[in-house]
Each structure stands twice: as structure tokens, then as C-alpha cells.
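> One predicted model, sequence on top.
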Amino acid sequence: MRGWTLGVAAALILGGASTQAHHSVAGAYDDTQEATIDGVITGFRFVNPHPFVTVTRASDGESWRLDMDNRREFDAIGFAADDLSLGDRVVVDGILARRDANRLYVMRLERPADGFGFEQIANRPQLLGPRSGIDR
């Protein structure tokens, strides 16, 4: 019985650690490695738990996966699935993934055509542009 209890405790501890690691930006992305991607949206999935955008970079045609903050926080600020469209040109600043090539965690995304976008401020997204009252 004692062995079973230890086994269950170990499973709970390890399971909790992997869940924490999954949601850790610092674990998956290197905040010392910043990049800017200027390109065209070729995919946008407004899914739980984290929406993501696929962008083809204008300079070399490479495809990038751009991971966003959690969907719940975007819902709370009024960012919706129809706010970004295929073909939109975006300029994105973010931090590179530690292990995956051409993958970035978005810190700021802006659509130059109208200034719409969002920026991560204190670990929460905030709208930019016409709907936000923030014009940069």
C-alpha cells in the first residue's frame, strides 16, 4: 500500500510539473532572442488555449508560426476571430522558441494598414489602434 501511495504522489507531482512547463512562456521561448517578422497572414486559428497565426515572411518567403497569449484574455479585451484575415500584412515583434525553428511568441502584432493589433503588457494583451484608444 505504501508503494502505491508513493507512486500516486510521484505521478501527481510529475503531472503537475509538466502542466506547469506547458504553460510557461520562459520554458518554451528565449526572451533574450528577439525577432521581428514582417509578412502576410496565411493562417489564423483562434483556438483554445492559445491562438496562433501563420505568417509568410516577405523578405524570404519562409513560413513562421506565431503563438499568442491565451484565448480567454483575448476574449476579455474584445479581440475576435475575425480581427485578422488571410492576406493581411502584419509586423510582429516577439521572442524566438528555444527548440522550434521559425516559431515565435508574439509580444506585439500590428497591421500597418490601419494600426490595429495588440501588445503584451505585464503578461496581458492590450489592443492597439482604432478600437483601443492607443495610437503608436
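Good, I have the coordinates. Numbering: from 1, shown residues only.
> Please state the offset of stretch 112-121 from the chain centre?
Centroid separation for stretch 112-121 versus its chain: 14 Å, with Cα atoms, centre = their mean, to the nearest Å.
> what does stretch 114-131 give?
Here stretch 114-131 is found 13 Å from its chain centre; the criterion is Cα atoms, centre = their mean.
> Give the buried residues for it.
Under the neighbour-count criterion of 16 or more other Cβ atoms under 10 Å, stretch 114-131 has 116-120, 125-129 buried. Using the backbone N, CA and C atoms, a C-beta is placed for each residue, glycine as well.
> Next: stretch 25-45.
By neighbour count on 16+ other Cβ under 10 Å, the buried set for stretch 25-45 is 28-29, 37, 39, 41, 44.
> where does this structure dip in pLDDT?
1-24, 131-136 (pLDDT under 70).
> where along it do the strands fall?
Along the chain, counting by DSSP state E, strands occupy 29-45, 52-57, 63-67, 89-97, 103-111, 116-121, 124-128.
> Now distance to F79 too, for these, in JSON lines please.
Written out in JSON lines, the entries for those read as follows (distance: least, Cβ to Cβ, whole Å):
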{"stretch": "strand 29-45", "distance to F79": "11"}
{"stretch": "strand 52-57", "distance to F79": "12"}
{"stretch": "strand 63-67", "distance to F79": "14"}
{"stretch": "strand 89-97", "distance to F79": "14"}
{"stretch": "strand 103-111", "distance to F79": "10"}
{"stretch": "strand 116-121", "distance to F79": "6"}
{"stretch": "strand 124-128", "distance to F79": "7"}
